[in-house]
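*Asks:* please work out how this folds:
(one chain, ligands or ions: 1)
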Amino acid sequence: MKSDFFKRSALTRQLWEFRREFVWIGIFSLIANVLMLTPTLYMLQVYGRVMKSGSELTLLMVTFFLLFFYSVMAFAEWLRSRLLVRAGVKLDDALNSLVFNASFEAYLNSARHNVAEAFSDLTNIRQFLTANGMIAFFDTPWTPVYIAVIFLLSPFLGWLSIFFALIQLGVTWVSHRLSMREIQIASDAGNDSFRYVQSKLRNIEPLHAMGMTGNLRQRWFGFHDNSLAKAEDSLDRQHRQQAFAKFVRYSMQSLTLGAGALMVIEGKMPVGSMIAANVLMSRALQPLDLVVATWKPFVQARMAFVRLEKLLEAFPERAPGARHQDPFGEIRLEGLSATAEGRKTPILDDLTVMFPSGKVTVILGPSGSGKSTLARCIVGVWPDKKGAVLLDGEPVESWDRMELGPHIGYLPQDVELFDGSIAENIARFAEVDSQKVIEAAKRTGIHEMIVRLPRGYNTQIGEAGGSLSGGQRQRLGLARAMYGNPALLVLDEPNANLDDAGERSLLDAVRDLKKAGKTVLLVTHRPSAFAAADLLVVMQKGKIVHCGPRDEVLAVLRSESARSVSASQV
Ligand code: ATP
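*Replies:* Numbers count the residues shown, from 1 in each chain. Coordinates of the predicted model:
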């Protein structure tokens, strides 16, 4: 059986890729740390050999060696920092697309996922790897070496330094145990507060128009106060620990000098060794000191590591989907049910139906009957579903998203346009094919409007569609869906914001697409869209209650409504 060590997560595997860099960093640390003994040796030479001989030449030579070793030490330290920074950038490079995809999928699964947090976690790990904290970890193993040299000078001072190093480690460990939980609580509270504000900012206009900001601010104060209190608790504790660690540190330094002085008084050690031991002691404890000082970034980087590890485990890099031929656009649902977090009843309940390719199917039904959820399931963006959605007989998830994307046109109810030019938005941010962009814009009747803009197709639109009207945004969304003549179009209430002319262009476009053999699924409330339909599907409470050729279903609906009118008159 393989041990857990070999079952590395994606993140650990990536770190493992940097083992060679870390070995080099270890070697440079070795050089830098060995050379850190230079001032001690210099001091011993000056107090011993130079003072006794009174030779200026010896002093000159010893000083020359000192400067040479210092420059090698500085060079080794510089190389090691450079390697760390490079490793950090390479790690980021290796992980950013994994984190981007995983974060994207996590958000698709749950809107509660904080996309920004995953990226700040990655930055956190990179920054920790390239900062002092990491260097402290490479320097800490040298503490025993310095202590060994102290032993050579005086066994008594050697034992004392072991005792002090243990105290220092004890302080570090206790700080870790005490601060870890509080740092986590404070960071969670800060995230809650940030998430709350972020979600409200998206809907700032109605909040402002209806004077809701005051009430929401009150709620935000709750989150914010909690976050402040937790941050205060956590910082208080850290500062207390730092103050105590400082007290321990200074006391130990002076006590070493005092103990050395005692040895000198008793004639057991020369003055030079006393000073050298004192310098060595501070060198020995310095990395431990740095570990204490960088404990918070370390804990945060560790938490970031665990969070990213979980994210990448839950949403691993997908193997490229099976290669299929270009789809015809036939959709078959087999026992499709859809649910959502916190709902007892399914949103879609065991649907089995076929939407033939090259036909226009209009989906009707009262509000909340599950039409939009069905549209999302068909384009493969609804996470909680059972049963199958088959595209040309293959589960829609088995298609490679990058390959399938251009064959699908999807217009959701809330059209989101992205930062970029109109042409880029229509061309789905791929390389802009002007001819195809103009064709799609003409199809949706928005070409004239675009060319009237001062910068035409190069007009930049802000995140939420900038200064475009609701109808214009919807038509741009439609042009984006129709870009490149996809085989399957799923349009969720594409006419909700369109005027009569817009709706006429839409229906003409739908007829054109049908002539070209494309499959169109159109969710709508408006009867005017029936004119373009081959098939009608009527939904109620997550079930399909009627499905068939348009005229047959309309006849059934008319007779049902006539029956219900006469029943109400009785
Ligand atoms: P409308 O015509 O008003 O757009 P619809 O027929 O498109 O309605 P859906 O948007 O599919 O209806 O919603 C169907 C049901 O699923 C509704 O009861 C809705 O509350 C619920 N629902 C939709 N999305 C979610 C979600 N993300 N989480 C939980 N429930 C959801």
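*Asks:* surely T38 and F68 touch.
*Replies:* No: with contact defined as C-beta atoms under 8 Å, T38 does not count as touching F68 (9.2 Å). (Each C-beta comes from the backbone N, C-alpha and C, glycine too.)
*Asks:* higher neighbour count, these two?
*Replies:* T38 (17 against 12; other C-beta atoms under 10 Å).
*Asks:* hang on, isn't L84 packed against I25?
*Replies:* Yes: using C-beta under 8 Å, L84 is in contact with I25, at 6.3 Å.
*Asks:* which residues do these two both contact?
*Replies:* Overlap of the contact sets of L84 and I25 (by C-beta atoms under 8 Å, 6 or more residues apart in numbering) is empty.
*Asks:* who's in contact with stretch 446-457?
*Replies:* Contacts of stretch 446-457 from elsewhere in the structure, counted by C-beta under 8 Å, 6+ apart, are 421-423, 426, 434, 437-438, 441, 459, 472, 475-476, 479.
*Asks:* the same query, at a cut-off of 7 Å, please.
*Replies:* Contacts with stretch 446-457, where a contact means C-beta atoms under 7 Å, 6 or more residues apart in numbering, come from 421-423, 437-438, 441, 459, 472, 475-476, 479.
*Asks:* over to stretch 54-64?
*Replies:* Contacts for stretch 54-64 (C-beta under 7 Å, 6+ apart): 42, 45-46, 49-50.
*Asks:* what residues sit buried inside it?
*Replies:* 59, 62 (16 or more other C-beta atoms under 10 Å).
*Asks:* with just CA atoms, put that stretch into PDB.
*Replies:* The C-alpha trace of stretch 54-64 is given here as PDB (Å, rounded to 0.1, in the frame of the first residue of the first chain):
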ATOM      1  CA  GLY A  54      50.400  43.800  17.900                       C
ATOM      2  CA  SER A  55      51.000  43.100  14.200                       C
ATOM      3  CA  GLU A  56      49.200  45.600  11.800                       C
ATOM      4  CA  LEU A  57      49.900  43.300   8.900                       C
ATOM      5  CA  THR A  58      48.100  40.400  10.600                       C
ATOM      6  CA  LEU A  59      45.200  42.800  11.200                       C
ATOM      7  CA  LEU A  60      45.200  43.800   7.600                       C
ATOM      8  CA  MET A  61      45.200  40.200   6.300                       C
ATOM      9  CA  VAL A  62      42.500  39.100   8.700                       C
ATOM     10  CA  THR A  63      40.400  42.100   7.700                       C
ATOM     11  CA  PHE A  64      40.900  41.400   4.000                       C
END
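*Asks:* what about the most centrally placed residue in the chain, helix or strand, and which?
*Replies:* The residue lying closest to the centre of the chain (C-alpha atoms, centre = their mean) is A118, at 2.5 Å. Here A118 sits within helix 115-130, counting by DSSP states H and E.
*Asks:* any idea of the mean pLDDT in that helix?
*Replies:* The pLDDT scores in helix 115-130 average 83.
*Asks:* next secondary structure after that helix?
*Replies:* Helix 115-130 is succeeded, C-terminally, by helix 132-139 (DSSP H and E).
*Asks:* off-centre distance for that next one?
*Replies:* 26 Å (C-alpha atoms, centre = their mean, to the nearest Å).
*Asks:* how big is the angle separating it from helix 115-130?
*Replies:* Following axes from the mean of the first three to the mean of the last three C-alpha atoms, to 10 degrees, one obtains 40 degrees for the angle between helix 132-139 and helix 115-130.
*Asks:* now helix 132-139 - C-alpha only, PDB.
*Replies:* Provided in PDB are the C-alpha atoms of helix 132-139 (Å, rounded to 0.1, in the frame of the first residue of the first chain):
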ATOM      1  CA  ASN A 132      11.700  36.400   5.000                       C
ATOM      2  CA  GLY A 133       9.600  33.700   6.600                       C
ATOM      3  CA  MET A 134      10.800  31.100   4.100                       C
ATOM      4  CA  ILE A 135      14.400  32.100   4.600                       C
ATOM      5  CA  ALA A 136      13.900  31.600   8.400                       C
ATOM      6  CA  PHE A 137      12.900  28.000   7.700                       C
ATOM      7  CA  PHE A 138      16.200  27.500   5.800                       C
ATOM      8  CA  ASP A 139      18.200  29.100   8.500                       C
END
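*Asks:* what's it packed up against?
*Replies:* Packed against helix 132-139, as judged by 3 or more C-beta pairs under 7 Å, 6 or more residues apart in numbering; DSSP states H and E, are the following elements: helix 19-35, helix 271-293.
*Asks:* before we move on, back to that, identify each buried residue in the helix holding A118, please.
*Replies:* Result for helix 115-130 [16+ other C-beta under 10 Å]: buried residues 117-118, 121-122, 124-130.
*Asks:* try stretch 263-281
*Replies:* 263, 269, 272-281.
*Asks:* and the ligand, which of those reach it?
*Replies:* Among these, no residue lies close to the ligand (C-beta under 6 Å from any ligand atom).
*Asks:* which element is L351 on?
*Replies:* Going by DSSP H and E, L351 is in strand 348-355.
*Asks:* close to the ligand, is that strand?
*Replies:* No: applying C-beta under 6 Å from any ligand atom, one finds strand 348-355 out of contact with the ligand, separated by at least 8.0 Å.
*Asks:* quick one, grab the pLDDT at I150.
*Replies:* So I150 comes in at 88 (pLDDT).
*Asks:* kindly report the same for the one 5 residues further on.
*Replies:* pLDDT, P155: 89.
*Asks:* how many residues are close by it?
*Replies:* 10.
*Asks:* got the residues of the stretch 301-450 of the chain near the ligand?
*Replies:* So the stretch 301-450 of the chain meets the ligand at 340, 343, 347, 365, 367-373 (C-beta under 6 Å from any ligand atom).
*Asks:* and the nearest residue to A531 once chain neighbours are set aside, how many neighbours?
*Replies:* On the basis of C-beta to C-beta, 6 or more residues apart in numbering, the spatially nearest residue to A531 that is not a chain neighbour turns out to be L507, at 6.3 Å. L507 has 20 neighbours, counted by other C-beta under 10 Å.
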